[in-house]
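*Asks:* need a 3D model of the sequence below.
(one chain, ligands or ions: 1)
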Amino acid sequence: MITPLKRLIPFNKPYMSGKELEYMVRAYIGGQLSGNGQFTRHCQEILTKKLGAKGVLLTHSCTAAMEMAAILFNATFGDEIIMPSFTFVSTANAFVLRGATPVFIDIRADTLNINESLIEGAITEKTKAIAVVHYAGVPCEMDEICRIANKHGLLLLEDAAQGIQASYKGRPLGSIGQLGAISFHETKNIISGEGGALVINDSSYLTRAEIVWEKGTNRVNFNKGEVAKYTWLDIGSSYLPSEITSAFLLAQLESAETLTARRLTSWYFYHDKLEKYEEKQLLRRPIIPPHYSPNGHIYYIILPSHQERDELLKLLLENNILAVFHYIPLHSSPAGLHFGRTATDMSITDDMSNRLIRLPLWNDIDEDIMNKVIQVIEHYFNTKK
Ligand SMILES: Cc1ncc(COP(=O)(O)O)c(C=O)c1O
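*Replies:* Alright, predicted model coming up:
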């Protein structure tokens, strides 16, 4: 028997670590609410250091950071960008906006990340870049991917939307490709409502990145007093967050270690409690690859079939628990069919997308809530016997 819950357990809850409101007030009192003020610069300094990057520019989303990356890579009509189809639309959209073609390849069944062994087979004379996605904050096989990119002279963008505070062989996610993109959307571990960052790991992009960031102008140089007036130099857009957003983000970045530790405790709570169901082959838990320092971003389970996945989602909802599936593969979406193409069989992408459930998880979720979720999962398997 499950005791019904009175209120819906959400999938995610934004969490404040303490100083967010104080810093937002300070931004107001300081007299600058538009972008590239002291809070933005402070966040950028913290992130540059944390990631060991050449530079970081805050953006209003990870989507914006990837659009900047596509501009900086000079992606254009006729170029092909190899990427997984099991990702958010922005990985592909950023390049489609420049006229380039996303070339989708299948994922690995273990990490749900791009299958690096399929990349070389998808390379043509039109391939310009590889865009990898570290799903759930779990790294792609970056040594092999970098080897392939170097061998074929390809650029590398890391979509590390979910990767803050996670690392691959000691290297923070987002710090390995020429460019990386991070999200601070409210569903992520470190948040500012909407928010993101472009991580610049190759210093040859630094100057142009600042121009693209500031609507295609040299306003950054003007603000530093380096030029008497600013002018239009290149394509660009308004990619800066406001100082209110950056003030909120600063408080979160200052608490990044505590927030991640807390989230990991909850992630492992689910992981331990669900072990027995995996042993009985009723579900599969996330696989933790070696050389990986996790951030506990998503706790997902894979059910044996699409039907069981949908049945369990329904039962959770009937019990007032909002668990959710994840990406609908891009290669078979209307825009994916129109703008992109597949270079491999996509059966693992289709299969995993059909069988995956993300469980409720946020930075201060309590054990009672997670126990409720486990109770419903247990009930589902008991009634199926
Ligand atoms: C892999 C991936 N890339 C990009 C994004 C877009 O991030 P944002 O909402 O900050 O634009 C998301 C959003 O969840 C994502 O999962």
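*Asks:* switch to C-alpha atoms for all contacts and neighbour counts from now on
*Replies:* Fine.
*Asks:* poorly predicted segments of this structure, please.
*Replies:* Counting by pLDDT under 70, the chain shows low-confidence ranges at 1-5, 385.
*Asks:* any idea what Ile182 is bridged to?
*Replies:* Ala197 (DSSP bridges).
*Asks:* look at it and say how many residues are nearby.
*Replies:* Neighbour count of Ile182, defined by other C-alpha atoms under 10 Å: 28.
*Asks:* one more: Leu259?
*Replies:* The tally of other residues near Leu259 (other C-alpha under 10 Å) stands at 22.
*Asks:* the ligand contacts on the protein?
*Replies:* 61-63, 87-88, 90-91, 133, 159, 161, 183-185, 195-196 (C-alpha under 6 Å from any ligand atom).
*Asks:* how about 8 Å then?
*Replies:* Contacts of the chain with the ligand, taken as C-alpha under 8 Å from any ligand atom, map to 60-65, 87-91, 133-135, 159-162, 181-185, 187-188, 194-196.
*Asks:* what sits against the residue nearest to the spatial centre of the chain?
*Replies:* Residue closest to the average C-alpha location in the chain (C-alpha atoms, centre = their mean): Ala161, at 1.9 Å. Taking C-alpha atoms under 8 Å, 6 or more residues apart in numbering, we find Ala161 in contact with 62, 133-134, 181-184, 196.
*Asks:* how does the protein divide into domains?
*Replies:* What automatic domain parsing lists as the domains of the chain is 20-254, 256-384.
*Asks:* what is the burial count for Phe325?
*Replies:* 17.
*Asks:* check Pro102 too.
*Replies:* For Pro102, using other C-alpha under 10 Å, the count is 31.
*Asks:* phi, psi of it?
*Replies:* Backbone torsions for Pro102, taken as degrees, to the nearest 10, come to phi -70, psi 130.
*Asks:* can I assume it is in contact with Ala92?
*Replies:* Yes - between Pro102 and Ala92 there is a contact under C-alpha atoms under 8 Å: 5.9 Å.
*Asks:* need the residues touching each of these two.
*Replies:* Common neighbours of Pro102 and Ala92 (C-alpha under 8 Å, 6+ apart) are Met83.
*Asks:* hey, which strand is longest across the chain?
*Replies:* Longest strand in the chain by number of residues, with DSSP state E as the criterion: strand 127-133.
*Asks:* start and end of stretch 274-291, how far apart?
*Replies:* 23 Å (C-alpha to C-alpha, to the nearest Å).
*Asks:* what residues sit buried inside stretch 244-257?
*Replies:* Buried residues in stretch 244-257, defined by neighbour count with 16 or more other C-alpha atoms under 10 Å: 244-253, 255-256.
*Asks:* quick revisit: hey, which of the domains of the chain is tucked in deepest?
*Replies:* Of all the domains of the chain, domain 20-254 has the most neighbours on average by mean count of other C-alpha atoms under 10 Å, namely a mean of 21.
*Asks:* dump the domains of the chain to TSV, plus distance to Leu8.
*Replies:* Shown next, in TSV, are the domains of the chain (distance: least, C-alpha to C-alpha, whole Å):
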stretch	distance to Leu8
domain 20-254	17
domain 256-384	5
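*Asks:* distance of the spatially most distant residue from the centre of the chain from Thr349?
*Replies:* Of all residues in the chain, Ala228 has its C-alpha farthest from the mean position, at 38.9 Å, by C-alpha atoms, centre = their mean. Going from Ala228 to Thr349 by C-alpha to C-alpha gives 53 Å.
*Asks:* repeat for Gln162
*Replies:* Using C-alpha to C-alpha, which is the criterion applied here, Gln162 is 19 Å from Thr349.
*Asks:* same check, this time on Gly170
*Replies:* Gly170 sits 28 Å away from Thr349, going by C-alpha to C-alpha.
*Asks:* in contact with the residue in the stretch 151-300 of the chain that the ligand sits nearest to, which residues?
*Replies:* Per C-alpha to the nearest ligand atom, Ser183 is where the stretch 151-300 of the chain lies closest to the ligand, at 4.0 Å. The contact partners of Ser183, taken as C-alpha under 8 Å, 6+ apart, are 61-62, 160-162, 191, 194-197.
*Asks:* do Phe381 as well
*Replies:* Residues counted as contacts of Phe381 (C-alpha under 8 Å, 6+ apart) are Leu282.
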